[in-house]
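Visitor: How does the following fold in three dimensions:
(one chain, ligands or ions: 1)
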Amino acid sequence: MSHGTAIDLYESVTRPVKRKVPVKLTNARPRSADDIAAILTNQGKFPSPVRPTGSGSSITRCNDTATGTKVDMTALDRVLGQTSNTVTVQAGIRLRDLAEHLAHDNLELVGDCSDPNRTVGGAISSGALGGGLPGDGSQLASSVCHVTLINGLGKRVEVGENLPDLLLLARMSYGLLGIVYSATLHIRPIRSYTIRNTKVDFDEFVRLLPNLMEVNAAVKVSLMPFRDRAYIEIRYPEEVERRAAALPWKLRDWAANSAVPKVIRSVNKVVPVKNLRDPLIDTLTEASHALSNKLVGSGSNSAEQTGSFKKLVLDEETGSCTWLFSISNLASVIPAFHKFCERHYRSSGYRCDLPAEARRVDQDQYALLSPSFDGPLFALTIRSTNTEGWDDFLLEFAEFAVHFKGIPLFNQTKGVKPRYAVTAYGDRLQRFRDIRKRLDPDNRLLSQFFVEHLG
Ligand SMILES: Cc1cc2nc3c(=O)[nH]c(=O)nc-3n(C[C@H](O)[C@H](O)[C@H](O)COP(=O)(O)OP(=O)(O)OC[C@H]3O[C@@H](n4cnc5c(N)ncnc54)[C@H](O)[C@@H]3O)c2cc1C
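Guide: I've put the predicted structure just below:
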């Protein structure tokens, strides 16, 4: 989704006054590493802060700025080289284009990402939760073994596995240490998985949690609090490779990312009575789940990334917000979330009209700002097409999350109060901040959003 005008929720609530003076924003679209260096060294023409943008799908202002310079990276979209187990690309290439390129050789990216429209540069510089197959790393950034950065002083910096401490910082660095010109990622032969689906109520889901957190598979669960249903999807890695058919994945992509949100938004508009409308929306959602489960019984990272329609990007008006919680808290968080949704609906009449998603996020120490650096987590993502009341819901959900010591992502979590990240990320954020200052002493890349959140 394009977020050119995205405003951080907390800021919009605490500072609702609109600016009266027109703000000046400079746009740049580099075509080479030298172009990026020229932008960063010419402060007169390209004022600070300089913010790189990939596909712009982040839901916060991490990729955006009201003043300064926005650097659109999408013209840098070439594959620069390949070995049997790595691929080197320019940062603006879309994940889908890279996945298609690799699929010709029966290869795939190690980390999976459900939205293939995003760029490699944006996905490895931010939180991009993978499919969760054991051993794959929880974020796409985990598979990065080399990056070429142009730092705030316009200098080219090569960061490879021979500089492990710097690579740890460069992965998931949100464009704060420099602009990624190119990246080398680990790749592998396409690895298949089998999908098993099951439907249970919330109580049963909570009972199953210890097994689900241990199973040697990826776990994703769609939660429908008002139907008391949890749709569990488990992806078991397979020993043998089986090429999954593309059409079912395309249909699933179309249903989940376009058709269902559009139908639900229409129902919201044409059926004003909530006692009729909301059960109808749940029935439609359950039907689409049943269809998706029938369509797709096996897959691979490659099948998911290439099996999507090129022109179909994530439904623009669907809101989403992710918080991560410790696995040890899960048995408390899930029932509390169920009650929270019901209570909010009773008191305000508002509910999210798309199912929430919970997924297992294994421990990942490949990036200093990895949310699961200290241990395994699960991500809880709320989604809705219903914008009336969404902002209030997000603020209350943030309070709920803070109560359970939730960890935010700088690109996917709204409603985070300034400095809360300091509590959530602790010493690691302090270390990141100190090194950032050294690499970008003139604060060329530091936007107001990060001033507030890095502390
Ligand atoms: C409806 C919806 C659903 C989503 N679902 C998921 C999901 O299931 N899983 C998930 O993980 N995410 C999800 N997201 C979030 C989003 O897709 C991620 O934030 C994504 O990783 C960002 O990729 P991008 O190319 O759009 O980067 P952008 O949003 O453009 O940028 C992300 C960050 O990286 C920086 N950046 C971009 N390019 C560069 C570069 N070349 N060098 C240095 N820094 C750079 C930006 O400044 C910014 O800080 C969803 C978003 C939406 C709107």
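
Visitor: Point me to the residue of the stretch 51-200 of the chain nearest the ligand.
Guide: Sorted by distance to the ligand under Cβ to the nearest ligand atom, the residues of the stretch 51-200 of the chain start with Gly122, at 2.1 Å. Heads up, the C-betas are built off the backbone N, CA and C, glycines and all.

Visitor: Next, the contact list for that residue, please.
Guide: Contact partners of Gly122, counting by Cβ atoms under 8 Å, 6 or more residues apart in numbering, are Pro52, Thr53, Gly54, Ser55, Gly56, Ser57, Ser58, Asn63, Met73, Ala91, Ala128.

Visitor: rerun at 7 Å
Guide: Contacts were defined as Cβ atoms under 7 Å, 6 or more residues apart in numbering; by that measure Gly122 touches Gly54, Ser55, Asn63.

Visitor: Those residues: which ones sit near the ligand?
Guide: Restricting the contacts of Gly122 to those adjacent to the ligand (criterion: Cβ under 6 Å from any ligand atom) gives Gly54, Ser55, Asn63.

Visitor: What's the local residue count around the first one?
Guide: It stands for Gly54. Burial measure for Gly54: 27 neighbouring residues, criterion other Cβ atoms under 10 Å.

Visitor: can I assume it is in contact with Cys113?
Guide: No. Under the criterion of Cβ atoms under 7 Å, Gly54 is not in contact with Cys113, lying 11.9 Å apart.

Visitor: The residue of the stretch 51-200 of the chain closest to the ligand belongs to a helix, doesn't it?
Guide: Yes. Inclusion of Gly122 in a helix is indicated when DSSP: H, G, I helix; E, B strand; the rest coil is applied.

Visitor: returning to that earlier point: any chance of the contacts of Gly122 in a markdown table, plus distance to Gln43?
Guide: Listed next are the contacts of Gly122 as a markdown table, based on distance: Cβ to Cβ, whole Å:
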| residue | distance to Gln43 |
| --- | --- |
| Gly54 | 23 |
| Ser55 | 27 |
| Asn63 | 20 |
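
Visitor: from those, which is closest to Tyr366?
Guide: Of all the contacts of Gly122, the one sitting nearest Tyr366 is Gly54; the distance, using Cβ to Cβ, is 19.4 Å.

Visitor: Now do the closest one against Arg118, distance only.
Guide: In this structure, Gly54 and Arg118 are separated by 6 Å, where distance is defined by Cβ to Cβ, to the nearest Å.

Visitor: Are stretch 88-105 and the ligand in contact anywhere?
Guide: Yes. Stretch 88-105 lies within reach of the ligand by Cβ under 6 Å from any ligand atom, at Ala91.

Visitor: For the remainder of this discussion, apply numbering that starts at 54.
Guide: Shifting the count to begin at 54 puts that one at stretch 141-158.

Visitor: Run the chain-centre distance for that stretch.
Guide: Put simply, stretch 141-158 sits 18 Å off its chain's centre (Cα atoms, centre = their mean, to the nearest Å).

Visitor: Over to stretch 267-282?
Guide: For stretch 267-282, the distance from its own C-alpha centre to the chain's C-alpha centre is 18 Å (Cα atoms, centre = their mean).

Visitor: try stretch 102-117
Guide: Its chain's C-alpha centre and that of stretch 102-117 lie 12 Å apart, by Cα atoms, centre = their mean.

Visitor: Pretty sure Thr247 sits in a strand.
Guide: Yes. When classified by three-state DSSP, Thr247 is found to be part of a strand.

Visitor: residue contacts, Ala309?
Guide: Contacts for Ala309 were tallied using Cβ under 7 Å, 6+ apart; they are Ser345.

Visitor: Mind checking what secondary structure it has?
Guide: Three-state secondary structure (criterion: three-state DSSP) places Ala309 in helix.

Visitor: Quick one: residues in contact with stretch 274-281.
Guide: Surrounding stretch 274-281, the residues in contact under the criterion Cβ under 7 Å, 6+ apart are 254-255, 258, 283-285, 331, 335, 338-339, 342, 391, 394-395, 404, 408-411.

Visitor: Which segments of this structure make up each domain?
Guide: With domains defined by automatic domain parsing, the chain comprises 62-125, 132-243, 246-461.
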